[in-house]
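[1] model this:
(one chain, ligands or ions: 2)
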Amino acid sequence: MTTTGDARLGETPEEGNPLVEGLERLPVHPTTLVIFGATGDLARRKLLPAIYNLAHEGALPERFNLVGSSRSEMTHEAFAEHTAEAIRQFSRRPPDETVLTELLAQVRYVSGSFDDDEVYRQLAVHLDAYDQTAGQPLNRAFYLSTAPEFFPVIIEELGGHDLNAHEGAEVRAVIEKPFGTTLAEAKELNRRVLAVFAEKQVFRIDHYLGKETVQNLMAFRFANGLFEPVWNRNYIDRVEITAAEDLGIGTRAGYYDHAGALRDLVQNHMLQLLCNVAMEPPVHFEADEIRDEKVKVLRSVIRPTPETVDELAVRAQYGPGTVGGEDVVGYLQEEGVPADSNTETYAALRLEIDNWRWAGVPFYLRTGKRLARKLTEIAITLKPVPHLAFQQEGSVGVRPNQLILTMQPNEGVSLSLGAKIPGARMRIRPVNMEFLYGTSFMSQSPEAYERLILDAMRGDATLFTRNDEVEAQWQICDPIVARWEATPGPLAQYESGTQGPAEAGRLFEAGARWRAI
Ligand SMILES: NC(=O)C1=CN([C@@H]2O[C@H](COP(=O)(O)OP(=O)(O)OC[C@H]3O[C@@H](n4cnc5c(N)ncnc54)[C@H](OP(=O)(O)O)[C@@H]3O)[C@@H](O)[C@H]2O)C=CC1
Ligand SMILES: O=C1O[C@H](COP(=O)(O)O)[C@@H](O)[C@H](O)[C@H]1O
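    Residues are numbered from 1 along each chain as shown. Ligands and ions are numbered 1, 2, ... in the order given. Modelled structure (predicted):
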């Protein structure tokens, strides 16, 4: 089924672009967006380029203003230049100077510490000035893109300065991950956030939900009659979710060494992928219905206990090795990492979902830094056929069907089938039917943050996590965190640029093993 141009949505790439289509359906109210942590890594690499790309597509509201805030001293002009540089370096399309100049004309910057009242007084001055120029109260979106310790500080300061509400307009708070580092912390953070903002004002980011390929999972499952009848324990043998990275921790030692792979990726992105595979179809494609279904899945996951963690989970740390032809240092030699750190850079789990659809089907999750290559995929292996009439000597082999949903790179879906090798004998070999985004839609997918920033400004929470989801995710991970903290190590090492620790193979039942990365 290799799909080609005939599957295109429109005649031009723009017509096939869901952001532009979304814009037609749901206009965005004029908004002032404030980024706390505007000089940080995430803002520079992702948020500012995403805002530019929205501007380029005409997806921003007619009146859109941007205010950056962080500790560094900077003038408005210097922040505009910082923004332009970030866009030039990281935008997925080369910037058009006219669009860029127009975008930067309205940029402001407020410097100071997030616990300093003056920051919020200054902010209020800029926000009011934008309203006055517009002649109407503009919506306000506060994006918290800074270290998690500042999340409650900023939220409470916003509340303390009456910036959590705005007569005649909407106010929203977008909160980055991680949302707490344990269940108890997440609950406390939720309590403090919800003391200032109503749940409908809060947008907890899990950027995987903004990826086109992750949204396609729902389209794939719920827009095609073909898969639903087999999407259960009767036909599916196992589900394998991989989020492998070739990169190391870069300059993020301060954050990562306190987080580790389980908190950094499993607790959020990977459990969300699991939800998208396992959830029941919602009646309508609406934020709360979808989130209700995801929570049901998370609550059905059999929680690891201190007694089962060692059997169900594997962790390890990258050692030195070669990635992409370059020698790289091990985790313990990375700048800023304590020489005796026991933080895991690889985590693998076997989970089970105790409900009617999935009872007995193992869900394998693995993630790691400095593995052989970047690969995010979900592999669904079906059960073998019950009887094989024509297996013969010389066959490459009949293998159970596998459905591979590749999130990145080479986004697409591939289904392996047994097919007859041409010739006199009945010899079977696996072949693939493939759908690739690149060839079918002929347009570049928007970055996850483009979609999410736009949705937050629109007030559409479908692709954001609700407080009960976050807490249910922690309920699964907390016992693992606790067990690992109680048995610190030293951790097993895997060579950088490889498949990860061999020990992860023991999570599988006999006869199965991890797919190659
Ligand atoms: N970076 C990434 O790839 C990803 C990051 N995230 C999340 O995004 C958030 C931001 O991460 P990241 O950008 O990497 O972090 P950085 O450390 O790069 O940036 C932190 C930002 O916060 C500012 N800041 C720090 N302390 C203060 C303070 N006391 N007062 C005022 N400003 C302060 C910094 O300002 P200054 O530079 O002026 O000191 C900087 O702008 C985190 O929650 C992270 O978990 C999520 C996914 C990926
Ligand atoms: O949230 C995070 O995600 C990135 C991986 O994101 P991707 O979109 O490139 O797959 C990961 O590198 C980072 O450690 C983590 O905080």
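[2] Quick one: check stretch 372-388 for contact with ligand 1.
    No: Stretch 372-388 stays clear of ligand 1 (Cβ under 6 Å from any ligand atom), getting no nearer than 13.6 Å. Where you see a C-beta, it was placed from the backbone N, CA and C, and this is true even at glycine.
[3] residues of that stretch that come out buried?
    The neighbour-count check on stretch 372-388 (16 or more other Cβ atoms under 10 Å) flags Ala372, Leu375, Thr376, Glu377, Ile378, Ala379, Ile380, Thr381, Leu382 as buried.
[4] so which of these comes closest to ligand 1?
    Nearest to ligand 1, judged by Cβ to the nearest ligand atom, of the buried residues of stretch 372-388 is Thr376 at 14.1 Å.
[5] Could you report the neighbour count for whichever residue of the stretch 151-300 of the chain sits closest to ligand 2?
    For the stretch 151-300 of the chain, the residue closest to ligand 2 is Asp264, as judged by Cβ to the nearest ligand atom, at 4.8 Å. Residues within reach of Asp264, counting by other Cβ atoms under 10 Å, total 25.
[6] Tell me the secondary structure at it.
    What DSSP: H, G, I helix; E, B strand; the rest coil gives for Asp264 is helix.
[7] Quick check: the residue most central in space within the chain vs ligand 1, distance?
    Nearest residue to the geometric centre of the chain (Cα atoms, centre = their mean): Tyr208, 2.0 Å. Tyr208 sits 10 Å away from ligand 1, going by Cβ to the nearest ligand atom, to the nearest Å.
[8] my read: that residue touches Leu271, true?
    No: contact criterion Cβ atoms under 8 Å: Tyr208 and Leu271 do not qualify, at 9.9 Å.
[9] Isn't Arg350 up against Tyr364?
    Yes: with contact defined as Cβ under 8 Å, Arg350 counts as touching Tyr364 (5.6 Å).
[10] so what's in contact with these two at the same time?
    Leu507, Phe508 (Cβ atoms under 8 Å, 6 or more residues apart in numbering).
[11] Any regions of this structure where pLDDT drops low?
    In the predicted model of the chain, residues 1-26, 391-396 satisfy pLDDT under 70.
[12] Residue of it closest to ligand 1, please.
    Counting by Cβ to the nearest ligand atom, the chain gets nearest to ligand 1 through Gly40 (2.2 Å).
[13] Could you pull up phi and psi at that residue?
    Here is the backbone geometry of Gly40 (degrees, to the nearest 10): phi -80, psi 180.
[14] Give me the neighbour count for it.
    18.
[15] and the gap between it and Pro430?
    To Pro430, Gly40 is 46 Å away according to Cβ to Cβ, to the nearest Å.
[16] returning to what we had before: from the buried residues of stretch 372-388, pick the one nearest Glu447.
    Checking the buried residues of stretch 372-388 against Glu447 with Cβ to Cβ, the nearest one is Thr376 at 14.5 Å.
[17] List the beta-bridge partners for the closest one.
    Ala243, Gln408 (DSSP bridges).
[18] Report the contact partners of it.
    Applying Cβ under 8 Å, 6+ apart, one finds that Thr376 lies in contact with Thr242, Ala243, Ala244, Thr406, Met407, Gln408.
[19] Contacts only, for the first one.
    For Thr242, the contacting residues are Arg366, Thr367, Leu375, Thr376, Glu377, Ile378, Ala379, Trp514, Arg515, Ile517, by Cβ under 8 Å, 6+ apart.
[20] before we move on, the earlier item: isn't the residue of the stretch 151-300 of the chain closest to ligand 2 up against Tyr256?
    Yes: at 6.6 Å, Asp264 counts as touching Tyr256 under the criterion of Cβ under 8 Å.
[21] Give me the phi and psi for the residue of the chain most remote from its centre.
    Most distant from the centre of the chain: Ala424, at 49.1 Å, with distances by Cα atoms, centre = their mean. Taking degrees, to the nearest 10, you get phi -70, psi -30 for the backbone angles of Ala424.
[22] For Glu81, see how far away it is.
    Ala424 sits at a distance of 71 Å from Glu81 (criterion: Cβ to Cβ).
[23] Ile35: what secondary structure?
    Secondary structure, three-state DSSP: Ile35 is strand.
[24] what does Leu247 give?
    Secondary structure state of Leu247, per three-state DSSP, is coil.
[25] Which residues lie in contact with the residue lying closest to it once chain neighbours are set aside in this structure?
    Excluding the flanking residues, the one nearest Leu247 by Cβ to Cβ, 6 or more residues apart in numbering is Lys369, at 6.4 Å. By Cβ under 8 Å, 6+ apart, the contact list for Lys369 reads Glu245, Leu247, Gly248, Ile249, Ala261, Tyr318, Tyr331, Thr345, Tyr346.
[26] and stretch 150-159, which residues are buried?
    For stretch 150-159, the neighbour count (16+ other Cβ under 10 Å) marks Phe150, Phe151, Pro152, Val153, Ile154, Ile155, Glu156, Glu157, Leu158, Gly159 as buried.
[27] show me the contacts for the last one.
    So that's Gly159. Contacts of Gly159 by Cβ under 8 Å, 6+ apart are Ala195, Val196, Phe197.
[28] if we go to 6 Å?
    Val196 (Cβ atoms under 6 Å, 6 or more residues apart in numbering).
[29] same thing with the fourth one?
    Shown here is Val153, whose contacts under the criterion Cβ under 6 Å, 6+ apart are Phe114, Asp115.
[30] Checking it next. Helix, strand or coil?
    Classification of Val153 using three-state DSSP returns helix.
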